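Undergrad: With the sequence up front, the predicted model follows.
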Number of protein chains: 4
Amino acid sequence: MEPNKQENWKIKLHEVIYEADTPSGKLFDILLLIFILLSIILVMLESVVSIDEKYHQLLYVGEWVVTILFSIEYILRIISVKKPFKYIFSSLGIIDFLSTIPMYLSFIFVGSQALVTLRALRLLRVFRILKLARYLGASNHLKASLVASRVKIMVFLFAVMITSIIFGTIMYLVEGEANGFDNIPKSVYWCVVTLTTVGFGDIAPQTPLGQFITTFIMILGYGIIAVPTGIVSAEYVRTSQKEDAENKGLKNKGYDPYKNPDDNITIQLNSQHCSNCFVSDHRDNSEYCYNCGNELHPKKS
Amino acid sequence: MEPNKQENWKIKLHEVIYEADTPSGKLFDILLLIFILLSIILVMLESVVSIDEKYHQLLYVGEWVVTILFSIEYILRIISVKKPFKYIFSSLGIIDFLSTIPMYLSFIFVGSQALVTLRALRLLRVFRILKLARYLGASNHLKASLVASRVKIMVFLFAVMITSIIFGTIMYLVEGEANGFDNIPKSVYWCVVTLTTVGFGDIAPQTPLGQFITTFIMILGYGIIAVPTGIVSAEYVRTSQKEDAENKGLKNKGYDPYKNPDDNITIQLNSQHCSNCFVSDHRDNSEYCYNCGNELHPKKS
Amino acid sequence: MEPNKQENWKIKLHEVIYEADTPSGKLFDILLLIFILLSIILVMLESVVSIDEKYHQLLYVGEWVVTILFSIEYILRIISVKKPFKYIFSSLGIIDFLSTIPMYLSFIFVGSQALVTLRALRLLRVFRILKLARYLGASNHLKASLVASRVKIMVFLFAVMITSIIFGTIMYLVEGEANGFDNIPKSVYWCVVTLTTVGFGDIAPQTPLGQFITTFIMILGYGIIAVPTGIVSAEYVRTSQKEDAENKGLKNKGYDPYKNPDDNITIQLNSQHCSNCFVSDHRDNSEYCYNCGNELHPKKS
Amino acid sequence: MEPNKQENWKIKLHEVIYEADTPSGKLFDILLLIFILLSIILVMLESVVSIDEKYHQLLYVGEWVVTILFSIEYILRIISVKKPFKYIFSSLGIIDFLSTIPMYLSFIFVGSQALVTLRALRLLRVFRILKLARYLGASNHLKASLVASRVKIMVFLFAVMITSIIFGTIMYLVEGEANGFDNIPKSVYWCVVTLTTVGFGDIAPQTPLGQFITTFIMILGYGIIAVPTGIVSAEYVRTSQKEDAENKGLKNKGYDPYKNPDDNITIQLNSQHCSNCFVSDHRDNSEYCYNCGNELHPKKS
C-alpha cells in the first residue's frame, strides 16, 4: 500500500509531533517543553498581586500566545493521527484539550477563579515530553512493589483513618472548643496532622490530659511511619531479587529469545507512536505496529 | 438430626446476618455498612455548632433511626446464634452493644459528652463487614513481622521515653517557665513532640543553650526514626523470604496435602460463621464446623 | 571451701539483691521498680507549681522516704559483694550512687535546681531491674546493625551539620534579623529544625526567595531521611541473613556442642550475678562462675 | 633521577602539607583543623549582635590571624606541587582560595554581607583534613545505592514537585489570601512544607474544605515518604548482597591477586598524594604513582 501525497504529509507531521528520534521531532519536543513551563510560570506570576499589577498586560499577552500555540498543536495532533476520536478521548488527549481551553472559557465564565486550576493541569503535559514512561519503565521495581503492596497500604491507611477518628473524638472531648478543638472533623484533621508528624501547631493541646494523650498519639505515629516504609522496601527487595534470579536463570539456560544479541540489557526501543493505535515503545526498525499491524514508516538510518 | 421449623428459621436468619455468600447476606452487609458510616457522619456533624444549630432536629431523628436499627440488629444477632452469651461477651458482641446504647444512656446521663466517644466506637464495627480479617490474612507478612519485632519495638519505645524524660528535665532547667517549659511533664511532652519530628511549635526553645540542646535532640530523633523502620522492613524481608523458600520446598516435593487441587494458591474458604462457636473461615462445602462439630447447613450451590 | 556463717548471710543477701530467680529476689526487684517509678513521679509532680503548692509537705516526705530506702539498698549492695570497690566504680554503681545523693546534696547546695536532673537519672536504674540486657541480647541484630553502620551514620550526620551551617548562613543573609533569623547560630538551628522535618514554625521564612530556598532544603531533607533508614535496614537484613545462614550451617553439620539438647533454641541461663566479678547470665545449675571461677551457690531446684 | 636540594625541600614540604603519615604531617593537619573550626566559630559569633558589640576588636583580629595563616598555607600548597595550575583549578584548590580571600575582598566591597557566605565555605575544607574520602570509600555501598537509585529518586522528586504545584493551586483557590495563601508560589511552598511533613504552621488551612484537602495531602505525603526510603534500602541490600556474593566467589576460587596476604580485609593504603597528579590512596611502599608514574618518595619504615 503506497501512501499518497496527502498521507505522506500526515506521516511527516506525525513523526515531528509524536516521535522524538528525528532532529525535527526533538526540536518540537524541546519547544513544547519550554512553552509548557512558560505557561505554568505565567499562571504562578499572575497570582502574585504585586507582579500582576505591574505586568498585567504582558502576562495577558503571554497567556494568549501560549493558548494559541497550544490550540494549533492540538489541531495538528488531531489531523496527524488516523483515528482522531481515539486521540481526543485518550487521557493524554483530554489533558491536551483542558490545557488549551481556559482562555476561551474566560469569555464565558468571566473572572472564574477555577480556570486557574485548569491551567495548572498543563503541568501534566510535561510527562508526555519527558517520556517519563521510559524512565519509569526502567524502574519497574518501583511500580511492581507499589502494586504488590497496594492492598496492605490501603488496609493501613484505613487503620490510620479509624485511629484518627477515634482519637480525634477523644481529643475533642478532652480539649474542647476553648483550646481550638472546635468540632470533631477539625479534631480528626488535627489528629491526622499529628499522626503523620506534620504538626502545624495551629491547633495544639493545652490541658495536661490532652498533652498526655498527644504523647501517646505521637509515639503511635512514630511506630506507624515504620510500617508503609517497611512494606515498600521489603516488596522492593523481593521484586529485585526475583528479577535477579530470573536473569540468572535465563543465563543458565543460555538462550533468551527476547534479547537483542547486540545489547545484553534491553531490546532497543524507539519513541515512535503508532499513528493508528497510539501504542509506543516499538522495537527499532519495526515495520509494523506490534499491537495493530499498522505500517510504521521507520526513519531510514 | 433434622432441624425443626423454628430452628430452620434461625438458620436462615443466621445466614443473612453472619454470612456474606448469599445475595440476602450481601444486601444485609451493604445496608449495615451504610448505616454505620451514616451514624459516624451524624456524630461528626452534631459536633459542628453551626450545623447542629440549623439541623438539630434532623440529626436527632437520624440518630434515633440508627439506634433503633442497631437495636433490632443486636437482638436478631442474639436470637440467631445457639449460645447467645458467648456472642454477647465476645469482643464483637461488646462493640455491637456499646454502639447501640448511647441514645438510651442519654436519658440517664443527660447531656453527657462522653457518650460521643461511645458513638465513635461504632466505626470499629466497619471491620466486621469489610471482612478485613480476610485482607489482613493476605498480609500475614505484616502481622508476622510486627510480632517478630514486638520486643525490639517495645525496648525501643521504652528508650524513647527515657530519653524524653531526661532531656525534658534538662530543657525544663535550661528554658524554664518563662519560655513555656512550665513544668517537667510539659517539658517531656515537648521532648516527645521534637523526637518524633512532629514539632507543633506551641512551645519552642528561646535561649541559645536551649536551641543548641534542641539541635542535638532533633539529630538524635533523626537517627532514631531509622531504627523502627529498619526493624520492620528487615523482619518483613526475612518473613517473605522464608515463605518464598517454603513454597519452593513444597513445590520441589511435588505434594502439598493441604492444597486444594482446583486452586493452586489457597483453600477455598467461605464467610460462614458457625452458629455454635462463632468460628469463621470454614472450607467451602464443609458440613460440620471444624472447631466444635456443629452442623453448618451450607447453601446448595 | 565451706563458707562460714557470716559469708552465708552475705550469700543470701547477694541472692536477694542481685538475682531474680528466687521468690525473695523477685519481690525485691518488684519493690525496687515501684520505688524508682515513684521517685520519678515525685520529681515530675514537684515541678508542677499548682501541685507543689498544695502537696509540698507530702512530696518532701515522699522524697525523703525514697532517699532513705535507696541509701539502705546502696549500702546493702556494697556489703553483699566480695569486691565493693569494683561495684562502686562500675557504671551501675555510679548510677546507684548519683540516684541516692540529691537530697543530701540539697543541704549543701540549697535550692540548686541542677539536683532535679540528678534525680531524673534514677530512671536509668529501671534498666537494671527490667533486665533489659536480656531483651536487648535477644535483639543482637539491632546492636550489630547499628555498630556496622556506625561510621556511615557519623559521616552522614557530619554531612547534615555542614549542610545546615552553609544553608543556615545563606538563610541568615536572605531573611535577616527582621524575619527572626537573628544570627547565624539561630539560623543553623532553624536549618536543622527544617532538615529533620521537625518544623516548629517559631521561625519561618517570610521573603519569597527565603521560601524558595526553604523548599529546596525541605526536599533535600526528604531525600536525606531515606539514607539512615536505608543503611540501618540493609545492615539489619544482612546481619539476620548471615545469622540464618550460620544456623543452617550448624544444622547441616548435625552437631552443635553449645546447644542444650533439651532446648533447641538457647542455653538455659539464669539471672545470677557472680558475687566476685559481677558477671551475670550463668548457665542454669552452674557451680562456678564461668568468668572467675568463684563458687556460685546455685539454688537447689 | 636524583632530586636536587631545592626539590628535596619541596618534597619535604609536600609531605608535611599533603600527607598525614608522618608526625609533622599529622601535626599540620590537626593545626589546620583547629584553625578551620576557629574560623567558622568566628563567623558565627560575629553574627550575634550582643557578642559582636562586646568583642568586635577581638573577633576582627582573630579573623585576620586566620586569613593570614590561610594565605601562607595557600602559597605553600602552590609551591610544593609540581603542577601549581592543576592544584589552583582543582575543586579543593578553589575552595582553599575562596576560604582565604573574604578579608581581602572586604576592602573592595566594604560592608558586603555576601562575604559571610564565602567565609562559611571554609567548612568544606574540613573534608580535606578528615580524609573523609577514606571513610566514604569504606561505605561504597552507600554511594553505589545512591547512584543506582538516582534516576528513580529524580523521577520521584519531579512527581513531588508536580503534586505540590497542582495541590498548591487548589489550596490557593480554596483558602485564598485571607488565610495566608497569598499567591500560588507561596501556596506551593506551603504544599511542599506539608508533603515533607515539616509543617511549620506559619500558614495553615482555616476553612473546613481546606482542612479536608490537607488531610488528603498529608496522608499522601505519609505514603510518599515510604518510597525513597524503600528505594535506597532495597538498592543498599542488593549492592551489599552482590558484594558478599563476589567475596564468596573469590574465596571459592582460593586466589585473590589484589589481596595483600598479610591483611585479609583490604590493601594497605597510605595518605600520600602524588605531587604531580594529586592522586591519593597509594599502596604502602609504592615507589611510583599508580596514575602518572611520578616518583613518590615513600617514608622509610
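TA: Yep, that arrived. Numbering: from 1, shown residues only, chains lettered A, B, ... in the order given.
Undergrad: So stretch A:52-72, near chain D or not?
TA: No. Contact of stretch A:52-72 with chain D (CB under 8 Å from any CB of the partner chain) is absent, the minimum separation being 8.7 Å. Bear in mind the C-beta positions are built from the backbone N, C-alpha and C, glycine included.
Undergrad: Give me the contact list for that stretch.
TA: Residues from elsewhere that reach stretch A:52-72 (CB atoms under 8 Å, 6 or more residues apart in numbering or on different chains): A:35, A:38-39, A:42, A:45-46, A:51, A:96, A:99-100, A:102-104.
Undergrad: Then stretch A:108-120?
TA: Against stretch A:108-120 from outside (CB under 8 Å, 6+ apart): A:39-40, A:43, A:46-47, A:98-99, A:101-102, A:105-106, D:165-166, D:169-170, D:172-173, D:184.
Undergrad: ok, 7 Å please
TA: Stretch A:108-120 has contacts (CB atoms under 7 Å, 6 or more residues apart in numbering or on different chains) with A:39, A:43, A:98, A:102, A:105-106, D:165-166, D:169-170, D:173.
Undergrad: Quick one, which of those residues are buried?
TA: For the contacts of stretch A:108-120, a burial check counting by 16 or more other CB atoms under 10 Å in any protein chain shown picks out A:39, A:43, A:98, A:102, D:165-166, D:169-170, D:173.
Undergrad: Show the residue spans covered by the helices in the stretch 151-300 of chain A.
TA: A:184-195, A:208-224, A:226-253 (DSSP state H, counting those that start in this stretch).
Undergrad: Sketch out the low-pLDDT regions of the stretch 1-150 of chain A for me.
TA: Scanning the stretch 1-150 of chain A for pLDDT under 70 picks out A:1-6, A:20, A:111-113, A:127-146, A:149.
Undergrad: Just want the residue of it that's nearest chain C.
TA: Across the stretch 1-150 of chain A, the shortest distance to chain C (CB to the nearest CB) belongs to residue A:48, at 8.1 Å.
Undergrad: now do chain A
TA: For chain A, CB to the nearest CB, closest residue to chain C: residue A:201, 5.5 Å.
Undergrad: and that residue, backbone torsions?
TA: Residue A:201 adopts backbone torsions of phi 90, psi 0, taken as degrees, to the nearest 10.
Undergrad: residues contacting it?
TA: Residue A:201 neighbours (CB under 7 Å, 6+ apart): B:200-202, C:201, D:201.
Undergrad: Around chain B, which positions in chain A sit nearby?
TA: For chain A, the contact set with chain B under CB under 7 Å from any CB of the partner chain comprises A:151-152, A:155, A:162, A:165-166, A:169-170, A:172-173, A:183-185, A:194, A:197, A:199, A:201, A:204, A:208, A:211, A:214-215, A:218-219, A:221-223, A:226-227, A:229-231, A:233-234, A:237-238.
Undergrad: What's the PyMOL line that selects buried ones from the residues you listed?
TA: Buried residues among the residues of chain A next to chain B (16+ other CB under 10 Å), as a PyMOL selection:
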select buried, chain A and resi 152+155+162+165+166+169+170+172+173+183+184+185+194+197+199+201+204+208+211+214+215+218+219+221+222+223+226+227+229+230+231+233+234+237+238
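Undergrad: Could you pull up the contacting residues of the residue of the stretch 1-150 of chain A closest to chain C?
TA: Neighbouring residues of residue A:48 by CB under 7 Å, 6+ apart: D:183, D:185.
Undergrad: With distance to residue A:88 as new columns, can the contacts of stretch A:108-120 be given to me in JSON lines?
TA: Compiled in JSON lines, those are given as follows (distance: CB to CB, whole Å):
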{"residue": "A:39", "distance to residue A:88": "21"}
{"residue": "A:43", "distance to residue A:88": "24"}
{"residue": "A:98", "distance to residue A:88": "12"}
{"residue": "A:102", "distance to residue A:88": "18"}
{"residue": "A:105", "distance to residue A:88": "18"}
{"residue": "A:106", "distance to residue A:88": "22"}
{"residue": "D:165", "distance to residue A:88": "26"}
{"residue": "D:166", "distance to residue A:88": "23"}
{"residue": "D:169", "distance to residue A:88": "25"}
{"residue": "D:170", "distance to residue A:88": "26"}
{"residue": "D:173", "distance to residue A:88": "27"}
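Undergrad: can you map out the strands along chain A?
TA: Here chain A has no strands by DSSP state E.
Undergrad: And it, split by domain according to the record?
TA: If you go by automatic domain parsing, the domain ranges for chain A are A:3-135, A:140-252.
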